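**Student:** Would you be able to build a 3D model of this:
(chains A and B)
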Amino acid sequence: NAGVTQTPKFRILKIGQSMTLQCTQDMNHNYMYWYRQDPGMGLKLIYYSVGAGITDKGEVPNGYNVSRSTTEDFPLRLELAAPSQTSVYFCASSYPGGRSGELFFGEGSRLTVL
Amino acid sequence: AQSVSQHNHHVILSEAASLELGCNYSYGGTVNLFWYVQYPGQHLQLLLKYFSGDPLVKGIKGFEAEFIKSKFSFNLRKPSVQWSDTAEYFCAVNAGYSTLTFGKGTMLLVSP
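**Tutor:** Numbering: from 1, shown residues only, chains lettered A, B, ... in the order given. Have a look, this model is predicted:
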């Protein structure tokens, strides 16, 4: 099993550009998440999904969009990139219900907006 | 809504010293508690977890944590740290089926 795979690992964007961070998991997990990690701030939940076709906002959803057309894939789209979106982004997945706190993380995507 | 507070942002220890990292949460009901570790340049990995039962839980690499319900605490401990324990440690909590809330993290530096 590859686990959770994120691409790209690094990306530099100009202000106003758009891009999609890809995330795929092969563990057949129902739940998937996108977090951003900023130094000294821990992880903040951007969006999550409890199954194909179902998504919901987390703590910091502004400036982002997601879709979940399959169980495996959970792409995160940044529209009109801003310097405040410079961060490390982690995709994660988990089993549903009471085990939803046991997250399996991808390697992360470091995004810089200039 | 739940929240998590980690007492120290940075901790520096010498090898073989004992470690205790503080974590407090705020939520009035039943919670699930977790510690995650992030080694330099890597993604987060689960270190240990508490759902119910024995409040002293053991995780990987000799780490353990104690849940004290009356103090809303879930402190992480290790009797003797190694240089390879240098990492950032995150406490996290969720209530029932809610999403996970993370603390801001504690950076541990172990000097050889």
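**Student:** Report the separation between the residue lying closest to A:Lys14 once chain neighbours are set aside and B:Gln42.
**Tutor:** The spatially closest residue to A:Lys14, leaving aside those adjacent along the chain, is A:Leu114, at 6.1 Å (CB to CB, 6 or more residues apart in numbering or on different chains). The way it works is simple: take the backbone N, C-alpha and C, and place the C-beta from them, glycine included. Distance from A:Leu114 to B:Gln42, counting by CB to CB, to the nearest Å: 26 Å.
**Student:** For the two, indicate the residue with more neighbours.
**Tutor:** B:Gln42 (13 against 10; other CB atoms under 10 Å in any protein chain shown).
**Student:** Excluding chain neighbours, what is closest to the more buried one?
**Tutor:** A:Glu107 (7.5 Å).
**Student:** pretty sure that neighbour belongs to a helix, no?
**Tutor:** No: applying DSSP: H, G, I helix; E, B strand; the rest coil, one finds A:Glu107 to be coil, outside a helix.
**Student:** Point out the residues in chain A that sit beside chain B.
**Tutor:** A:33, A:35, A:40-43, A:45, A:48, A:58, A:90, A:92, A:96-98, A:100-103, A:105-108 (CB under 8 Å from any CB of the partner chain).
**Student:** Go ahead and confirm A:Phe90 touches B:His43.
**Tutor:** Yes: with contact defined as CB atoms under 8 Å, A:Phe90 reaches B:His43; the gap is 6.3 Å.
**Student:** between these two, who's got more neighbours?
**Tutor:** A:Phe90 (25 against 21).
**Student:** about what we covered before: which residues are common contacts for A:Phe90 and B:His43?
**Tutor:** A:Phe105, A:Gly106, A:Gly108 (CB atoms under 8 Å, 6 or more residues apart in numbering or on different chains).
**Student:** Quick check: A:Gly51 vs A:Gly58, distance?
**Tutor:** Counting by CB to CB, the gap from A:Gly51 to A:Gly58 is 16 Å.
**Student:** still on that earlier bit, from the shared contacts of A:Phe90 and B:His43, pick the one nearest chain B.
**Tutor:** Taking CB to the nearest CB as the measure, chain B lies nearest A:Phe105 of these, at 4.1 Å.
**Student:** tally of neighbours for that closest one?
**Tutor:** 22.
**Student:** residue contacts, it?
**Tutor:** A:Val4, A:Phe90, A:Cys91, A:Ala92, B:His43, B:Leu44, B:Gln45.
**Student:** so what pLDDT did the last one get?
**Tutor:** pLDDT for B:Gln45: 93.
**Student:** Spatially nearest residue to it, not counting backbone neighbours?
**Tutor:** B:Val37 (5.7 Å).
**Student:** cool, and the third one?
**Tutor:** Of all residues beyond its chain neighbours, the one nearest A:Cys91 is A:Cys23 (3.5 Å), with distances taken as CB to CB, 6+ apart.
**Student:** Can you tell me the SS state at the one you found?
**Tutor:** A:Cys23 - assigned by three-state DSSP - is strand.
**Student:** Next one: it relative to chain B, how far apart?
**Tutor:** 12 Å (CB to the nearest CB, to the nearest Å).
**Student:** and what of A:Ile12?
**Tutor:** Counting by CB to the nearest CB, the gap from A:Ile12 to chain B is 19 Å.
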